[in-house]
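Engineer: Okay, structure incoming, though there's no sequence with it:
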Ligand SMILES: O=C(O)[C@H](O)[C@@H](O)[C@H](O)[C@H](O)COP(=O)(O)O
């Protein structure tokens, strides 16, 4: 039985800071029980600000990063190093620091393949999605398809999308655990995403959203709107789902 908690913060800066502290203590708790721990990162302004707040936190040194694996919920299908890739922004905000100074093994950073024809790259979003599914399976418990994600972070767009699962898009019903996306209403148009099957396998799903433009869809998701219209409604963790909002994004939730 999955439980749900909605936590409202006064503003976006406090939301990012509080989410960073929450994630660090969640990792500490998880590491007292098992290793490795697996965290799925998200793109978007709140997701990246949260990583930057971890980089600024004195608590960051309390986590044993050698036992952490990092994944992505989605990626913009762009060449390696493109500043618009979620991976690039995450590395700049935090991951390069963790690798350089806190013992995070570079091979524990599992980026979704970039567009290209080099090793580890892909020529289409579908090829990238298939390659990522193989990597997920390699780190999965026996008989499973994805790792036992301890925390899966998701931002939410004004249209209620999470990861790159957009309203009325085919990826909402895609089989398997990853999918290629074309025609994304949020640029760039081509993306790679986890599916709801992968998202639902996470122990905890945390939806982080800030801004008045998210209020209507946050309220719709929390009240159980149709997934085709508000995909965030299916952002549900196996054990627990947290909605971490600022006051503006929570303003229509009753
Ligand atoms: O690749 C992406 O763009 C993100 O993964 C996307 O799912 C994002 O999290 C939401 O669009 C919210 O983004 P903002 O927090 O910037 O509104």
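Structural biologist: Okay, I see it. All values derive from a computational prediction rather than experimental measurement.
Engineer: mind listing the strands for the stretch 51-200 of the chain?
Structural biologist: In the stretch 51-200 of the chain, the segments counted as strands under DSSP state E, counting those that start in this stretch are 68-72, 74-76, 151-155, 178-181, 191-194.
Engineer: Let me know which of those strands is tucked in deepest.
Structural biologist: Mean neighbour counts were compared across these using mean count of other CB atoms under 10 Å; the top stretch is strand 191-194, at a mean of 32. In short, each C-beta sits where N, CA and C put it, glycine included.
Engineer: near the ligand at all, it?
Structural biologist: No: residues of strand 191-194 contacting the ligand under CB under 6 Å from any ligand atom: none, with a closest distance of 6.7 Å.
Engineer: Please name the residues that touch the closest residue to the ligand within the stretch 1-150 of the chain.
Structural biologist: Ranked by CB to the nearest ligand atom, the top residue of the stretch 1-150 of the chain for proximity to the ligand is residue 44, at 2.6 Å. Neighbouring residues of residue 44 by CB atoms under 8 Å, 6 or more residues apart in numbering: 155, 157.
Engineer: go on, residue 161?
Structural biologist: Per CB under 8 Å, 6+ apart, neighbours of residue 161: 167, 186, 231-232.
Engineer: give me that answer again for 10 Å
Structural biologist: By CB atoms under 10 Å, 6 or more residues apart in numbering, residue 161 lies in contact with 74, 154-155, 167, 169, 171-172, 184-186, 193, 217, 230-232.
Engineer: Select only the buried ones of these in ChimeraX?
Structural biologist: Buried members of those, defined by 16 or more other CB atoms under 10 Å, are picked up in ChimeraX with:
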select :74,154,155,167,169,171,172,184,193,217,230,231,232
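Engineer: What about the contacts of residue 161, which are in helices?
Structural biologist: residue 217 (DSSP state H).
Engineer: Closest one to residue 57 out of the contacts of residue 161, please.
Structural biologist: residue 155 (19.8 Å; CB to CB).
Engineer: how much space between the closest residue in space to that closest one that isn't next to it in sequence and residue 142?
Structural biologist: Distances taken as CB to CB, 6 or more residues apart in numbering put residue 44 closest to residue 155, at 3.3 Å, once the chain neighbours are dropped. According to CB to CB, to the nearest Å, residue 44 and residue 142 sit 34 Å apart.
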